[in-house]
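**Q** Got a predicted model here, sequence first, then my questions.
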Amino acid sequence: MLVENNVALQRYNSFGIQARALRMVRLRSLDDVQALLKLPDMQPQQRDMAPHLVLGGGSNLVITGDIRSLVIKIDLAGRRLLDETPKGWLVEAGAGENWHDFVAWTLAQGWPGLENLALIPGSVGASPVQNIGAYGVELQDRFHSLDAIDLRTGEPFTLNAAQCGFGYRDSVFKHPPAGDKGLGLAGCALITAVRFWLPKPWKPVLGYLDLERKRAETGVDAPHAQQIFDWVCAIRRAKLPDPVVIGNAGSFFKNPTVSPEQCADIIARDPKVVHYPMPDGSIKLAAGWLIDACGWKGKSVGNAGVYEKQALVLVNRGGATGGEVMTLAKAIQTSVYERFGILLEPEPVVV
Ligand code: EPU
């Protein structure tokens, strides 16, 4: 296990925020995980005083200062086919694998199913934490199970989809053990490997408007999975900034849900509000549209800004601090609340 001191974190968070970790350990094997558990930082008293930070791809993170507690960088590699039956493929990846590379690899192997989730920044281990989703597919639709280690006891355990408590950009890993949703696992579990079930026969998921547009534009009526992968990459590249070039954490806020009455009230004042009815009767609003309507597109607070092509994405215009990002986020929350009566909920973890 590699322990480093005073590590610059800029390249470990997709916002590109400059901060330091006083101590960082890299986990490359399950033996490293066991060695980690023996460190003084991980003993109960110390752990409660200075909770550690588990770092995957760092793509859903706002760092607001130097990190004094232990940073655990997950570098667990490996990807393999575990089983193939007439009903599907069971594929496994180490938590440290890059998500997009893993998606591309499954397609290259001839195992379709993850193509709509192409180009989402981050690691495989982080994908279930916030139940990543895009273009009509959520991780939970392809998830089979995961392996994790309980950081309190050192015991390994496995969770199936039901046990992960998936919701919209939500899972048990986002809730504290004694939190509002009962049995949360935030801060207690270290995900080591994730398994995906890719069903046969493969069926394209094309319902999303941007994909329908691509179908109409190209005249390709029955695209194969690689074609959808290419479309998704093109759509994302056109409207989302590449974190390597412009620091960002993807969508900064969740799309809020409101009651039909609340939505009707907003439509009466703003007929163009983008809204989608949900199966449970509630209505989801496009947070990007709400922020855009408040005039935020292209605006900045210090070096943090609102992306010109998608108001839901906050960007680092160069040298932004986490404080600037959060000041901007709060200003956006206030103006959306004042105009629409809706409190936007941030997506990234703030440390
Ligand atoms: N819109 C505007 N102005 C804007 C941004 C959006 O009017 O500045 C409108 C768009 O015209 C569109 C609607 O809002 O009618 C929705 O926008 P978009 O299709 O870009 O999707 P989104 O709801 O903003 C969600 C996910 C993305 C995911 C896309 C595609 C959330 C919070 N975000 O964005 O996920 O890629 O759908 O499925 O659910 C992420 O989580 O980091 C992420 C990028």
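**A** Noted; the coordinates are in hand. Source: prediction; values computed, not measured.
**Q** longest helix of the protein?
**A** For the chain, the longest helix by residue count, based on DSSP state H, is helix 322-340.
**Q** what about that one, average pLDDT?
**A** Average pLDDT, helix 322-340: 97.
**Q** Buried residues, it. List them.
**A** Across helix 322-340, burial judged by 16 or more other Cβ atoms under 10 Å covers 322, 324, 325, 326, 328, 329, 332, 333, 335, 336, 340. (C-beta placed from N, C-alpha, C; glycine too.)
**Q** show me the contacts for residue 323.
**A** Residues near residue 323 by Cβ atoms under 8 Å, 6 or more residues apart in numbering: 64, 65.
**Q** Give me the nearest residue to residue 312, chain neighbours excluded.
**A** residue 288 (3.7 Å; Cβ to Cβ, 6 or more residues apart in numbering).
**Q** measure the one you found to the ligand for me?
**A** Distance, residue 288 to the ligand, using Cβ to the nearest ligand atom, to the nearest Å: 3 Å.
**Q** secondary structure class for that residue?
**A** At residue 288 the chain is in helix, as set by DSSP: H, G, I helix; E, B strand; the rest coil.
**Q** Can you verify residue 162 is assigned to a helix?
**A** Yes - Residue 162 sits within a helix when classified using three-state DSSP.
**Q** pLDDT score for whichever residue of the stretch 51-200 of the chain sits closest to the ligand?
**A** As assessed by Cβ to the nearest ligand atom, the ligand sits closest to residue 134 within the stretch 51-200 of the chain, at 3.7 Å. With respect to pLDDT, residue 134 scores 97.
**Q** what's it in contact with, if anything?
**A** Residue 134 touches 116, 117, 120, 232, 236, counting by Cβ under 8 Å, 6+ apart.
**Q** Now restrict those to buried residues only.
**A** If we count by 16+ other Cβ under 10 Å, the contacts of residue 134 have these buried: 116, 117, 120, 232, 236.
**Q** follow-up on the earlier one: correct me, but the residue nearest to residue 312 touches residue 306?
**A** No - between residue 288 and residue 306 there is no contact under Cβ atoms under 8 Å: 9.9 Å.
**Q** close enough to count as contact, residue 136 and residue 116?
**A** Yes - using Cβ under 8 Å, residue 136 is in contact with residue 116, at 6.0 Å.
**Q** Pull up the overlap in contacts between these two.
**A** 205, 208, 211.
**Q** which one of these is nearest the ligand?
**A** residue 208 (6.1 Å).
**Q** Name all residues that make contact with the closest one.
**A** Taking Cβ under 8 Å, 6+ apart as the test, what residue 208 contacts is 116, 135, 136.
**Q** Can you tell me how far it is from residue 311?
**A** 19 Å (Cβ to Cβ, to the nearest Å).
**Q** Spell out which parts of the stretch 201-350 of the chain neighbour the ligand.
**A** 239, 250-251, 254-255, 274, 286, 288-289, 292, 297, 310-312, 347 (Cβ under 6 Å from any ligand atom).
**Q** give me that answer again for 8 Å
**A** 208-210, 235-236, 239-240, 249-251, 253-255, 274, 286-289, 291-293, 297, 307, 309-313, 347 (Cβ under 8 Å from any ligand atom).
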